[in-house]
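S.K.: make a model of this:
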Amino acid sequence: MELVVSDGVHQATYSPPVPVSVANRKSTSPEFSPSGYYQGYGDGSSVSSEALTGYETLDAPPHYDFYANTEVWGRRRRFRPSLYQLYANPQDDSRPPLYEETTGGSMDRGGGDTSEEDEEEHKDPPSEPTRFGWIQGVMIRCMLNIWGVILYLRLPWITAQAGIGLAWVIILLSSCITGITGLSTSAIATNGKVKGGGTYFLISRSLGPELGGSIGLIFAFANAVAVAMHTVGFAETVTDLMREHGASMVDRTNDIRIIGVITVTCLLGISMAGMAWESKAQILFFVVIMVSFASYIVGTIIPASAQKQAKGFFSYKADIFTANFVPNWRGKEGSFFGMFSIFFPSATGILSGANISGDLKNPTVAIPRGTLMAIFWTTISYLIITATIGSCVVRDASGILNDTLSSSSSMEDCVGLACQYGWDFTECINNNTCTFGISNYYQSMSMVSAFAPLITAGIFGATLSSALACLVSAPKVFQCLCKDKLYPFIGIFGKGYGNNDEPLRGYLLAYIIAVCFILIAELNTIAPIISNFFLCSYALINFSCFHASITNSPGWRPSFRFYNKWLSLLGAVCCVVIMFLLTWWAALIAFGVVIFLLGYTLYKKPEVNWGSSVQASSYNIALNQCVSLNHVEDHIKNYRPQCLVLTGPPSSRPALVDLVGCFTKSLSLMMCGNVITAGPSPSVMEKASSDSHVKWLNRRKVKSFYRAVVASDLRSGVNMMLQGAGLGRIRPNVLLMGFKKDWRSDSPQSAHNYIGILQDAFDLQYGVCVLRMKEGLDVSHVSQSHVNHGFDGGPESTERNNSAPTRLQTITTSAVPPAADPQHTTVFQKKQGKKTMDVYWLSDDGGLILLLAYLLTRRKRWSSCKVRVFVGGETNKKEEQREEVLALIKKFRLGFQDVEVLPDIYQNPQSVNVHQFENVVARYRLDMNPKQESDSGPMRVQEGPWVITDQDLERNRAKSLRQIRINEVLQDHSREAALILITMPVGRRGVCPSTLYLAWLDFLSRDLRPPVLLVRGNQENVLTFYCQ
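M.R.: The predicted structure is shown next:
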């Protein structure tokens, strides 16, 4: 039954004709069929778009595969049809091949034998690697890393130093910084699919490889050092236990070193066993820590025994809380920021979950939820422990049971809060020899606990879990950095092993770094070292979130909404300020390393494109600046020669590129133009807009844009660029092109089109420059694509026979890879020495020719050249005219001192040169008698506008002789010059035929060894001697 639309139009009317074989669902290869196209990018099923939409079409409904860059196991990946496939004629044999962005070459097999493909599809899928949810993968991991060695071994001591009040400030300040960073991390992590690499991946994909690479290297190093910090904390605990039982290997320092190295070696074995074993170990550590916390809380409630009272524990007392609420600074670390620098590393575990982003089931959900929950619960636990330990234990105690307050002792002579509870620690307080109390005894939590071994087990669990988390994080981050190949000599550490892509080599490197820092064996020395590195990482994460938000990029769409760009900026500023307040020299070292790595990355310019916020910001800045120029009126003082250079492919005419680059580099606009005279097709458009041309310019260190157009002929293509190139006020005002040396052997129409380009430029108020070199400009070969010989005929053009092509053409062959474009050396790349630059200012066009010469002398390679200015004049007024021109040039402040008047340019040229000129134009002359002359108008149009009549020759005889004579003068005065700049003559339209005008340019610049640049401004001033 045929479907009829309500307005009476049959739906089948819009269905394209379908071959019978398609209707029968049979392959018609190699004939074209819409369904064949659809199946080519489909999943190989028999369901086509007709079954989905009700009529035959190539358009596909939205699908996940169209936006993903990975494949799903067990089915072929779908691909969206190209625009050309949708609108191209099905019978067109020139259609491009199917879109072939698949893996394994499945698309290339087409309709051939699919037995191998079917066999692959029936193979068992690879085993799924271990993946974790937000609780086990992020929250528990972050909490374990935050609950590190500082919690058990230094938090009571920090409470004694800073007091409960300032200890809370330190904890809350740290939590605010980590909380803001957690919000920023959550926003970045939910702005797209997150892969492995953790912190480095988040920063680099947000801010780009420059800052991302440097901070990734620092963050990986900081995690490796953190392994040493937590391991030393564990070793300290073991050493103290050994000493309590009278055991010792060497001395305390060396015991810590030995135990630390053995411990980190065991952790290395767990890490290399795989993430599954590491995760099971973390859960065990988490349970142990929870039990130790319970033991500690119960211990604070149980009444204190005499042994505990001797060590300063008296259970909850308001007086103890009041005394311990205020600070009591002691030692060289006794300051707020000293305590902050020691405590802050205990809050730096918030990125442990993000660092294993590649091992999470759903990173965009797990990272925000797990990280923020971990920050909340650990902050609560820190505040509780600080308040409880500060309410139960005094700062100083001797630990001696006999130090009780006897009845004979006077309360007035007793020093310390313990006197109120019957204990006299006066002697050790006055002598600073107290070994217990929260100011002196690092194991105070064990002493308070209901069962001390549980606290010891908690210390073991906290330190080992944190060390294990850092030992896993550092190689994971470093592996992602190595795979991006931003830095040399580290690629070997990017190799992964097993289903989880474990960085075993990275584990070994982190192990070596950790062992080196374990040998320091001093926890208070290691902690401040990594504080600045973590703060630097946090600062850049916050700045990444702020920068991505402030650029208003449409691609910044995080699903996590609970962040604020200004809060992120505040967090970044706080991190930087705290870095310098902690240890200014370490902050300078951190920033020095970042700047060094940033400079290296900027210099190397890695070929990566991650759509960073820096790119978005660059676009915003450029756009706003371009728009703001609309409010700036043009002024002669700010005139810059903004050049549209007809190079074709830039690599085909390097001399033209190098010369123009000399006076536009870091000064004005340069745009290389390429006209493709071929029919529009995807392959032609792709080659025309290929990035290989821009890469060639970048390798040559030429700051230029590249613009290509496809047109029916050269002249119309150039006209398109003349009118459409540029943006706002940043648009070309000078056209530069090569001289057409093969105009005599080429068709007259080709010569006419060439001159037509100059006339079009004059019509659009462009200045025009034509470069001619004796050896030619075109260095291209046939193997290169899109070499348009309309710009320049090459060095041997005059020897070509008349069988050459009679029209402008474009040679289009297979695409050449960017590396295949050679970097030819040209004369304009060399230092010119003390030669002369001769400027023949024969006609005043606004001063463009003088300005170009001045801009060239500002370049180092041209700075030694002496500029000579030649002008026409009369013999009897030669000196007077010279002084007049010299005075004018001095007013322009160009620095040109050598001016010479040439009265002989008005003399008649040699007859032999005149005869050569006549022979050249004779080919284009039209012989007719006076009777036919009255009908010459229609005949001329019919035969071509390039035909030269006797009337044309006679009307332009004086100008023709002038060009021949000027060439003779050039031969006499400028044979050894480095460059000749000469005012280009102008042929009046309708009076001077195009072939005659081209003959003028030819004879004016022929047979000269130096390069010749013909210059004609648009008759508007480009120089001024006024200051306003």
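
S.K.: for the rest of this, base every contact and every neighbour count on C-alpha atoms.
M.R.: Noted.

S.K.: verify the contact between residue 1005 and residue 968 for me.
M.R.: No. If you go by Cα atoms under 8 Å, residue 1005 and residue 968 don't touch, sitting 9.8 Å apart.

S.K.: looking at the two, which one has more neighbours?
M.R.: Taking other Cα atoms under 10 Å, residue 1005 and residue 968 do not tie; residue 1005 has more neighbours (28 against 20).

S.K.: quick one: the more buried one from residue 980, how far?
M.R.: Noted for residue 1005: a distance of 9 Å to residue 980, by Cα to Cα, to the nearest Å.

S.K.: what touches both of those two?
M.R.: residue 1012 (Cα atoms under 8 Å, 6 or more residues apart in numbering).

S.K.: average pLDDT across the helix or strand hosting residue 228?
M.R.: If you go by DSSP states H and E, residue 228 is part of helix 209-244. Averaging pLDDT along helix 209-244 yields 85.

S.K.: what's around residue 592, how many residues?
M.R.: Number of residues near residue 592 (other Cα under 10 Å) recorded here: 12.

S.K.: helix, strand or coil for it?
M.R.: helix (DSSP: H, G, I helix; E, B strand; the rest coil).

S.K.: without its sequence neighbours, what residue ends up closest to the residue nearest the centre of the chain?
M.R.: By Cα atoms, centre = their mean, the chain has its centre lying nearest to residue 208, at 4.8 Å. Excluding the flanking residues, the one nearest residue 208 by Cα to Cα, 6 or more residues apart in numbering is residue 612, at 5.0 Å.

S.K.: list the contacts for that neighbour?
M.R.: Residue 612 makes contacts with 204-208, as judged by Cα under 8 Å, 6+ apart.

S.K.: same question for residue 300.
M.R.: With the criterion set at Cα under 8 Å, 6+ apart, residue 300 makes contact with 315-316, 388-389, 392, 448-450.

S.K.: at 10 Å what do you get?
M.R.: Residues near residue 300 by Cα atoms under 10 Å, 6 or more residues apart in numbering: 313-316, 388-389, 391-393, 445, 447-450.

S.K.: in a markdown table, list the residues you listed along with distance to residue 182 and pLDDT.
M.R.: Output for the contacts of residue 300, formatted as a markdown table (distance: Cα to Cα, whole Å; pLDDT from 0 to 100):
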| residue | distance to residue 182 | pLDDT |
| --- | --- | --- |
| 313 | 37 | 89 |
| 314 | 39 | 88 |
| 315 | 36 | 87 |
| 316 | 35 | 89 |
| 388 | 28 | 93 |
| 389 | 28 | 92 |
| 391 | 31 | 91 |
| 392 | 33 | 91 |
| 393 | 34 | 91 |
| 445 | 29 | 88 |
| 447 | 35 | 88 |
| 448 | 33 | 89 |
| 449 | 33 | 90 |
| 450 | 35 | 89 |
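
S.K.: tell me which of those fall in helices.
M.R.: Counting by DSSP state H, these place 388-389, 391-392, 445, 447-448 in helices.

S.K.: buried subset of these?
M.R.: 388-389, 391-392, 445, 447-448 (16 or more other Cα atoms under 10 Å).

S.K.: which of these sit farthest apart?
M.R.: Spatially, the most separated pair among these is 391 and 447, at 14.4 Å (Cα to Cα).

S.K.: related to what we said a few turns ago, so for the residue nearest to residue 208, what's the pLDDT?
M.R.: With respect to pLDDT, residue 612 scores 76.

S.K.: same question for residue 668.
M.R.: Looking at residue 668, its pLDDT is 91.

S.K.: so which residues of the stretch 851-1000 of the chain form strands?
M.R.: Under the criterion DSSP state E, counting those that start in this stretch, strands of the stretch 851-1000 of the chain are mapped to 866-872, 898-902, 979-983.

S.K.: could you measure from residue 635 over to residue 1026?
M.R.: Using Cα to Cα, residue 635 is found at 11 Å from residue 1026.

S.K.: the bottom helix or strand of this protein by mean pLDDT?
M.R.: strand 810-811 (a mean of 34; mean pLDDT, DSSP states H and E).

S.K.: report the residue ranges of every domain in the protein.
M.R.: Here the domain parsing of the chain from the TED database is 138-231+258-397+434-604, 641-778, 832-926+945-1016.

S.K.: okay, and which of the contacts of residue 612 map to helices?
M.R.: The helices, defined by DSSP H, take in 204-207 from those.
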